[in-house]
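Asker: Below are the sequence and a predicted model for it; my questions follow.
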Amino acid sequence: MGADFKVGPWLVEPGLNTVSRNGSNVHLEPKVMEVLVCLARHAGETVPKDQLMREVWSDTFVTDDVLIRAVSELRRIFEDDAREPSFIQTIPKRGYRLIAPVKRIEKQTTPLSSSPLVGTEPSGPIRKRRALAVALVTVALIVLTVGARSLWFGKSTSTQIRSIAVLPLENLSGDPNQEYLSDGMTDVLITDLAQMGSLKVISRTSSMQYKQTKKSLPEIARELNVDGIIEGTVQRSGERVRITAQLFYAPSDKHLWANSYERDLKDVFALERDVSSDIARQVHVRLRTEGSTRLTEPHPVTLVALEAYLRGNSHMHKFGRGLGDEELRLASQHFRQAIDAEPNFAPAFVGMSKARHETLRSSSEDVEMARNSAERATELDPNLSDAWTQLADIQCDFWEWAAAEQDYRRALALNPNDALAHEHLGWVLDAFGRMEEGWKHAELAQQLDPNESHIEVALDHRHQYDQSIQHLTTMLEADPDNGVLHHKLYESYAGKGMYEEAIAQLGQTLVLFGLSDSAAKVRAAFPASGYQGAMRRYAEELEHLNATNQVFAPINIAIAYTAAGDKDRALYWLEQIHKFRGRRTAGYPVVLINRTPTLEPLHDDLRYANLLQRMGLPR
């Protein structure tokens with residue numbers, strides 16, 4: 001691993017992964033030793049956390065929890081106190097600095113002149129052997145020097161794949177009605193790779209935006225910040241399916257590997273597992289870390305169940321661009337068909353739970369079905385990360401905060417690439433004042449799904465409106481008809497006090513969601529009665545949607561009335577959350593109500609404090 005050195009009184013031998021002092025010898029885990037070597041290489045300097053993560057875990061996608069544990073282990077061995085350090089100093093919000101003296105240990109070598117023949121000029125074969133020996137020793141010293149320089153001055157820049165994106169698999173059937181199959185196979189491949197650990201995998205929502213793209217692989221790699229890209233095709237013939245997959249080192253468009261697979265359609269999950277396992281081997285990624293739960297072997301499903309499940313997912317992915325629930329209704333019907341055909345098919349239960357949970361105006365039956373389906377999925381397949389994320393989302397609706405945090409973490413242990421689990425766990429952590437930890441999960445979510453917006457809520461919670469506006473404006477350049485993004489931008493402008501811009505974004509949101517009349521009323525109210533008048537009109541329009549059973553959005557109505565200066569009406573609508581506990585609130589998650597800046601004018605009201613107390617949320 002490199003040259004030996006001393007840190008204070010401790011002898012460090014990287015090649016043996018040991019540190020010793022006064023005859024006592026302690027063995028370090030290899031990664032802990034690498035952290036120590038990296039700090040020693042920059043002794044006396046602050047080494048940023050992200051630099052340590054890059055250098056030590058360059059081939060592994062992990063959170064900085066592992067770095068914190070490694071530093072803690074070094075402090076334990078060196079008997080160092082983090083509060084009054086003599087070895088490793090924590091530099092808040094930046095990194096770590098090795099403050100103990102570091103001394104390189106030069107290895108002693110026997111001089112060439114110590115030969116018994118010193119003073120005698122050898123001749124003939126002896127001189128040739130001597131010359132050869134000198135040459136070999138010189139080469140060895142050069143190799144050792146290069147190795148030491150690699151240790152002390154950084155690693156080589158060899159081509160490695162540490163992150164990957166799966167582009168939408170191409171449908172070769174010639175039948176557009178078979179798109180649900182190729183899209184479904186793309187989903188399964190992404191999910192399988194994401195759960196293998198040690199590899200950063202871009203989420204489906206970002207990858208699918210490159211369907212039928214004309215962009216080059218290097219362009220896509222830059223936009224998604226990945227090293228590797230998977231391209232492939234799906235072709236169905238009767239009850240047989242054939243998948244081809246190719247792996248590219250994307251920055252240079254270098255082809256690395258390709259293979260084809262064919263099986264019965266009912267065995268498609270096993271086929272996808274073969275593909276993802278081969279890809280994992282190609283990028284030298286271990287399937288699971290030591291001690292982790294291993295991936296369960298996929299079970300065959302009937303063709304009827306598979307078809308219904310994939311069609312249900314197809315409808316789920318179409319939901320979200322308007323106020324109608326038709327796509328969710330169709331998705332629910334298909335998931336029911338899949339469950340009826342295959343009662344132990346856990347992914348179908350996850351789909352059913354999502355379809356019933358996402359509805360904009362849920363009934364008590366929807367709430368019960370969503371929860372029961374999520375719980376059933378976790379029973380059928382405890383290693384299905386989506387099931388735990390879905391269950392945690394529902395637990396948040398019921399204000400079961402500790403259980404939700406536990407299950408988000410369980411989902412991330414199974415799939416560290418789950419962007420939604422990272423984002424929603426960040427919300428829970430923010431709600432309970434654990435802002436630094438919450439921010440880390442928001443950042444991870446955005447990295448894993450860069451073409452969707454996951455970080456603006458965290459930015460708004462921290463009143464970082466300029467960054468949020470810049471982030472959302474950039475995203476809207478690529479997706480200008482995304483009503484959700486326009487609504488988020490309205491909130492950021494409002495937080496910054498840029499009310500004219502906020503109303504413009506709100507009006508665009510309403511138009512994109514099919515509410516042009518409401519948009520016109522809100523826009524007309526702004527010049528006539530200012531921002532407060534426009535927000536009162538907006539609140540009244542939302543109340544109409546609620547009264548006509550189109551959407552249940554009590555928090556959005558409360559935010560609008562708060563901006564209008566009507567605290568009584570705002571608190572009335574917040575009380576509806578308590579009245580309908582367990583029902584999903586469209587537009588704004590319940591867990592955010594004690595952090596959103598738009599409700600800050602209510603913070604000094606005892607009624608608001610009482611509501612938070614009943615919900616188990618801190619002020």
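Answerer: Happy to help now that I have it. Numbers count the residues shown, from 1 in each chain.
Asker: only C-alpha atoms for contact and neighbour calcs from this point on.
Answerer: Noted.
Asker: okay, now Pro347: neighbour count?
Answerer: Other residues near Pro347 come to 22 when the count uses other C-alpha atoms under 10 Å.
Asker: same question, the one 4 residues further on
Answerer: Around Gly351 sit 29 other residues, with neighbours defined as other C-alpha under 10 Å.
Asker: Look up which helix or strand it falls in, please.
Answerer: Assessed by DSSP states H and E, Gly351 sits inside helix 346-357.
Asker: what comes into contact with the next helix or strand after that helix?
Answerer: Next in sequence after helix 346-357, counting helices and strands by DSSP H and E, comes helix 364-380. With contacts defined as C-alpha atoms under 8 Å, 6 or more residues apart in numbering, helix 364-380 is touched by 344-347, 349-350, 352-357, 384, 387-388, 390-391, 394, 582-584.
Asker: buried sites along helix 364-380?
Answerer: For helix 364-380, burial by neighbour count (16 or more other C-alpha atoms under 10 Å) applies to 366-367, 369-378, 380.
Asker: got it, and stretch 559-570?
Answerer: Buried residues in stretch 559-570 (16+ other C-alpha under 10 Å): 559-565, 567, 569-570.
Asker: Which one of these is nearest to Asp418?
Answerer: Ile559 (29.7 Å; C-alpha to C-alpha).
Asker: Alpha carbons of stretch 8-25, in PDB - could you do that?
Answerer: Extracted in PDB, the C-alpha atoms of stretch 8-25 (Å, rounded to 0.1, in the frame of the first residue of the first chain):
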ATOM      1  CA  GLY A   8       3.400  10.800  16.700                       C
ATOM      2  CA  PRO A   9       4.700   7.800  18.500                       C
ATOM      3  CA  TRP A  10       2.900   5.300  16.300                       C
ATOM      4  CA  LEU A  11       4.600   3.400  13.500                       C
ATOM      5  CA  VAL A  12       2.200   3.000  10.600                       C
ATOM      6  CA  GLU A  13       2.800   0.200   8.100                       C
ATOM      7  CA  PRO A  14       0.300   0.500   5.300                       C
ATOM      8  CA  GLY A  15       1.400  -2.700   3.500                       C
ATOM      9  CA  LEU A  16       0.500  -4.700   6.600                       C
ATOM     10  CA  ASN A  17      -2.500  -2.500   7.600                       C
ATOM     11  CA  THR A  18      -1.100  -2.200  11.100                       C
ATOM     12  CA  VAL A  19      -0.100   0.600  13.600                       C
ATOM     13  CA  SER A  20       2.200  -0.200  16.500                       C
ATOM     14  CA  ARG A  21       3.700   1.500  19.600                       C
ATOM     15  CA  ASN A  22       5.800   0.200  22.400                       C
ATOM     16  CA  GLY A  23       5.500  -3.400  21.200                       C
ATOM     17  CA  SER A  24       1.700  -3.200  20.900                       C
ATOM     18  CA  ASN A  25       0.300  -3.900  17.400                       C
END
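Asker: if I pick Ser453, what's in contact with it?
Answerer: Ser453 makes contacts with 446, 472, 475, 485, as judged by C-alpha under 8 Å, 6+ apart.
Asker: since we're on the closest residue to the third one other than its chain neighbours, how many residues are nearby?
Answerer: Distances taken as C-alpha to C-alpha, 6 or more residues apart in numbering place Asn451 nearest to Met475, at 7.1 Å, with adjacent residues excluded. Other residues near Asn451 come to 21 when the count uses other C-alpha under 10 Å.
Asker: so how far is Ser206 from Asn451?
Answerer: Counting by C-alpha to C-alpha, to the nearest Å, the gap from Asn451 to Ser206 is 5 Å.
Asker: for Arg281, same thing?
Answerer: With C-alpha to C-alpha as the criterion, Arg281 and Ser206 are 24 Å apart.
Asker: And these two? Which one has more around it.
Answerer: Applying other C-alpha under 10 Å to Arg281 and Ser206 shows that Ser206 carries more neighbours, namely 17 against 11.
Asker: Next up, identify which helix or strand that one is on.
Answerer: Ser206 belongs to helix 204-207, assigned by DSSP H and E.
Asker: got the CA positions of that helix in PDB?
Answerer: Provided in PDB are the C-alpha atoms of helix 204-207 (Å, rounded to 0.1, in the frame of the first residue of the first chain):
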ATOM      1  CA  ARG A 204     -35.600   6.000 -13.800                       C
ATOM      2  CA  THR A 205     -37.200   9.400 -14.000                       C
ATOM      3  CA  SER A 206     -34.000  11.000 -15.200                       C
ATOM      4  CA  SER A 207     -32.900   8.200 -17.500                       C
END
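Asker: What's the first helix or strand after that helix?
Answerer: Next along the chain after helix 204-207, with elements defined by DSSP H and E, is helix 217-224.
Asker: packing partners for that next one?
Answerer: strand 228-237 (3 or more C-alpha pairs under 8 Å, 6 or more residues apart in numbering; DSSP states H and E).
Asker: Okay, now the sheet partners of the very next helix or strand once past the strand it packs on, with direction.
Answerer: For strand 228-237, the following helix or strand on the C-terminal side (DSSP H and E) is strand 240-249. Looking at strand 240-249 with DSSP bridges, its partner strands are strand 228-237 (antiparallel), strand 254-264 (antiparallel).
Asker: Out of the buried residues of stretch 559-570, the closest to Asp517 would be?
Answerer: The nearest member of the buried residues of stretch 559-570 to Asp517, counting by C-alpha to C-alpha, is Ala560 at 17.7 Å.
Asker: okay, the buried residues of helix 364-380 in CSV with distance to Ala258 next?
Answerer: Supplementary listing: the buried residues of helix 364-380 in CSV, determined by distance: C-alpha to C-alpha, whole Å:
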residue, distance to Ala258
Asp366, 45
Val367, 45
Met369, 43
Ala370, 40
Arg371, 42
Asn372, 42
Ser373, 38
Ala374, 37
Glu375, 39
Arg376, 38
Ala377, 34
Thr378, 35
Leu380, 34
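Asker: between the residues you listed, which is closest to Glu600?
Answerer: Val367 (29.7 Å).
Asker: so which two of the buried residues of stretch 559-570 are the farthest from each other?
Answerer: The widest separation within those (C-alpha to C-alpha) is 11.1 Å, between Ala563 and Arg569.
Asker: So which bits of whichever strand or helix holds Met316 are buried?
Answerer: Per DSSP H and E: Met316 is located in helix 303-318. Across helix 303-318, burial judged by 16+ other C-alpha under 10 Å covers 303, 305-316.
Asker: Among those, which one lies nearest to Val32?
Answerer: Looking across the buried residues of helix 303-318 and measuring by C-alpha to C-alpha, the closest to Val32 is Asn313, at 43.2 Å.
Asker: ok, Gln195 - contacts?
Answerer: Per C-alpha under 8 Å, 6+ apart, neighbours of Gln195: 295, 414-417.
Asker: In helices, which of the residues you listed appear?
Answerer: Among the contacts of Gln195, the members falling in helices (DSSP state H) are Leu414.
Asker: quick one, strands of the protein?
Answerer: 5-7, 10-13, 18-21, 24-27, 46-48, 88-91, 95-98, 102-104, 163-166, 170-171, 200-201, 228-237, 240-249, 254-264 (DSSP state E).
Asker: Can you flag the weakest of those strands by average pLDDT?
Answerer: Note on these: strand 24-27 shows the lowest mean pLDDT, a mean of 78.
Asker: For the closest residue to Ser173 other than its chain neighbours, give its distance to Arg242.
Answerer: If the residues on either side of it in the chain are set aside, Ser173 comes closest to Gln235, at 5.3 Å by C-alpha to C-alpha, 6+ apart. Separation of Gln235 from Arg242 (C-alpha to C-alpha) stands at 5 Å.
Asker: Equivalent analysis for Leu193, please.
Answerer: Distance from Leu193 to Arg242, by C-alpha to C-alpha: 19 Å.
Asker: Between the two, point out the one with more neighbours.
Answerer: Using other C-alpha under 10 Å as the criterion, Leu193 and Arg242 rank with Leu193 on top: 27 against 18.
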